[in-house]
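In: The sequence and its predicted three-dimensional model are supplied below.
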Amino acid sequence: MATQGQVITCKAAVAWEPNKPLVIEDVQVAPPQAGEVRVKILFSALCHTDIYTWSGQDPEGLFPCILGHEAAGIVESVGEGVIEVQPGDHVIPCYLAECRECKFCKSGKTNLCGKIREATGAGVMFGDRKSRFSVNGKPIYHFMGTSTFSQYSVVHDVSIAKVDPKAPLEKICLLGCGVPTGLGAVWNAAKVEPGSVVAIFGLGTVGLAASEGAKAAGASRIIGIDIDSKKYERAKTFGVTEFVNPKDYEKPIQQVIIELTDGGVDYSFECIGNVSVMRAALECCHKGWGTSVIVGVAPAGKEISTRPFQLVTGRVWKGTAFGGFKTRTQVPWLVEKYMKKEIKVDEYVTHSLPFGEINNSFDLMHEGNCLRCVLDMHA
Ligand SMILES: NC(=O)C1=CN([C@@H]2O[C@H](COP(=O)(O)OP(=O)(O)OC[C@H]3O[C@@H](n4cnc5c(N)ncnc54)[C@H](O)[C@@H]3O)[C@@H](O)[C@H]2O)C=CC1
Ligand SMILES: N[C@@H](CCC(=O)N[C@@H](CSC=O)C(=O)NCC(=O)O)C(=O)O
Ligand SMILES: [Zn+2]
Ligand SMILES: [Zn+2]
């Protein structure tokens, strides 16, 4: 039955309140308006940022909402004026837009796009500042402009990456967030050079992807730091050459790393979201040139601090969103790199579950051996 132009009723996992189990509801998904695309979401993975917002720690968190931002699917229908994708195209919905027209997009200095960010932060669509989701007439907020924990979602056309239809959607859904973030932190934000000494704090998906990126960039030493020593074995396969568990030391971890590296590392990456670790990551950098990249997302109200002297003496502190990749342009390129086996993706998928078990996947994400759990949205 043709669904174009019709309201679709489908299953979605609604977060009615922070920290309460998601509820699978029959959700009405309105047709896409001008500049919008309705996507049949086939596979969606969980990212720790979904858990962060669900837990109530996100200052932008709005409830009730439909979470999810690491997914892949097929275009069901498009709104007026949409020319770059059509029904049947395989796509990755992206939480960062790329309009190619705004001040940000034209700057050549950032992957952040200014066009729709205010609307996505407010949980609505840009065109009319309304939601396309409702349950029995009650509007449900969008999340990150993606809301992929729904069998159908409406996304802005500037946030849709069209990808190779031969690529397996159950794998490339991961290219919607965690893996590009780690790779890009190293390649785009830090621009790690061959021979560099690198420290990576946190060996989850983002930290492992940063390690993979550092290995590809020719780093000579990749020091993984994690409070769970079991993480080292797997991390070796992503390029980590040495491992340090802060719990094994009395002294601050930055001092341990400085001693291990004759004065500090060339580049460090904080892939946890802990502001104390962010400080350690900066302070373990080499005087004069060491650069630390903040990747982890810290809870509302948390602030970073260090002695300004750390920066006066040449260390650089910066951060990155989605690893600096421009979404519409570069996500298809990352898919091609995966197809050519130049980057890992399958290796990050440690668990798969049917959509109905989404609450179990939230629990799994807290288990040490889970990197990404991919939900089959129509199983
Ligand atoms: N900036 C961006 O664009 C993005 C940021 N993120 C954020 O990146 C962070 C990491 O994400 P994932 O890798 O998925 O998380 P994860 O939870 O899988 O990995 C974090 C790792 O840090 C370790 N850890 C926790 N506390 C630690 C401590 N005090 N010292 C050393 N290790 C510690 C844990 O054992 C775990 O292995 C999250 O904050 C997430 O929200 C995720 C995607 C995009
Ligand atoms: N709403 C949060 C913002 C959290 C944040 O920093 N998000 C990252 C992506 S995390 C993905 O898993 C990001 O790219 N931010 C850029 C943006 O424009 O949102 C808060 O207010 O803390
Ligand atoms: Zn994410
Ligand atoms: Zn833009």
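Out: That came through fine. Ligands and ions are numbered 1, 2, ... in the order given.
In: How about the stretch 151-300 of the chain: which residue is closest to ligand 4?
Out: At 6.9 Å from ligand 4, residue 158 is the closest residue in the stretch 151-300 of the chain, using CB to the ion. The C-beta positions use only the backbone N, C-alpha and C, and glycine is treated the same way.
In: hang on, that residue packs against residue 117?
Out: No - at 10.6 Å, residue 158 does not count as touching residue 117 under the criterion of CB atoms under 8 Å.
In: In a strand, the residue of the stretch 151-300 of the chain closest to ligand 4, correct?
Out: No - secondary structure of residue 158 (DSSP: H, G, I helix; E, B strand; the rest coil): helix, not part of a strand.
In: Residue 158 and residue 117: who's more crowded?
Out: More neighbours surround residue 158 than the other of residue 158 and residue 117, with 26 against 16 (other CB atoms under 10 Å).
In: Could you check the pLDDT of the more buried one?
Out: Model confidence at residue 158, expressed as pLDDT, equals 98.
In: Return the residues in contact with it.
Out: Counting by CB atoms under 8 Å, 6 or more residues apart in numbering, residue 158 makes contact with 35, 97, 98, 99, 100, 113, 115, 116, 328.
In: Give me the subset of these that also touch ligand 4.
Out: 99, 113, 115 (CB under 5 Å from the ion).
In: Could you give the number of residues near the closest residue in space to the first one that isn't next to it in sequence?
Out: So the one you mean is residue 99. Excluding its sequence neighbours, the residue lying closest to residue 99 (CB to CB, 6 or more residues apart in numbering) is residue 115, at 4.0 Å. Residue 115 has 21 neighbours, counted by other CB under 10 Å.
In: And residue 333, by the same measure?
Out: 14.
In: which residues are in contact with the helix or strand hosting it?
Out: Per DSSP states H and E: residue 333 is located in helix 327-339. Here helix 327-339 makes contact (CB under 8 Å, 6+ apart) with 84, 92, 94, 96-98, 100, 111, 158-164, 166-167, 171-172, 175-176, 179-180, 183, 325, 343, 345.
In: In strands only, show me those.
Out: The strands, defined by DSSP state E, take in 92, 160, 161, 162 from these.
In: Return the distance of the third one relative to residue 197.
Out: Shown here: residue 161 relative to residue 197, a distance of 34 Å by CB to CB, to the nearest Å.
In: Burial check on the residue in the stretch 151-300 of the chain that ligand 3 sits nearest to, number of neighbours?
Out: The stretch 151-300 of the chain approaches ligand 3 most closely through residue 177 (3.3 Å), counting by CB to the ion. Close neighbours of residue 177, defined as other CB under 10 Å, add up to 29.
In: Tell me which of the contacts of helix 327-339 fall in helices.
Out: With DSSP state H as the criterion, helices contain 171, 172, 179, 180, 183 from among the contacts of helix 327-339.
In: From residue 31, how far out is residue 4?
Out: 7 Å.
In: Between these two, which has more neighbouring residues?
Out: residue 31 (18 against 12).
In: is it true that the residue nearest to residue 99 touches residue 96?
Out: No - shown here, residue 115 and residue 96 do not form a contact pair, counting by CB under 8 Å, at 10.7 Å.
In: sorry, back to before: distance from the chain centre to the helix holding residue 333, please.
Out: Relative to its parent chain, helix 327-339 has a centroid offset of 15 Å by CA atoms, centre = their mean, to the nearest Å.
In: tell me which residues of that helix are tucked away?
Out: Judged by neighbour count (16 or more other CB atoms under 10 Å), helix 327-339 contains these buried residues: 327, 328, 330, 331, 332, 334, 335, 338, 339.
In: can you redo the residues you listed as a markdown table with pLDDT?
Out: Putting these into a markdown table (pLDDT from 0 to 100) gives the following:
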| residue | pLDDT |
| --- | --- |
| 327 | 98 |
| 328 | 98 |
| 330 | 98 |
| 331 | 99 |
| 332 | 98 |
| 334 | 98 |
| 335 | 99 |
| 338 | 98 |
| 339 | 98 |
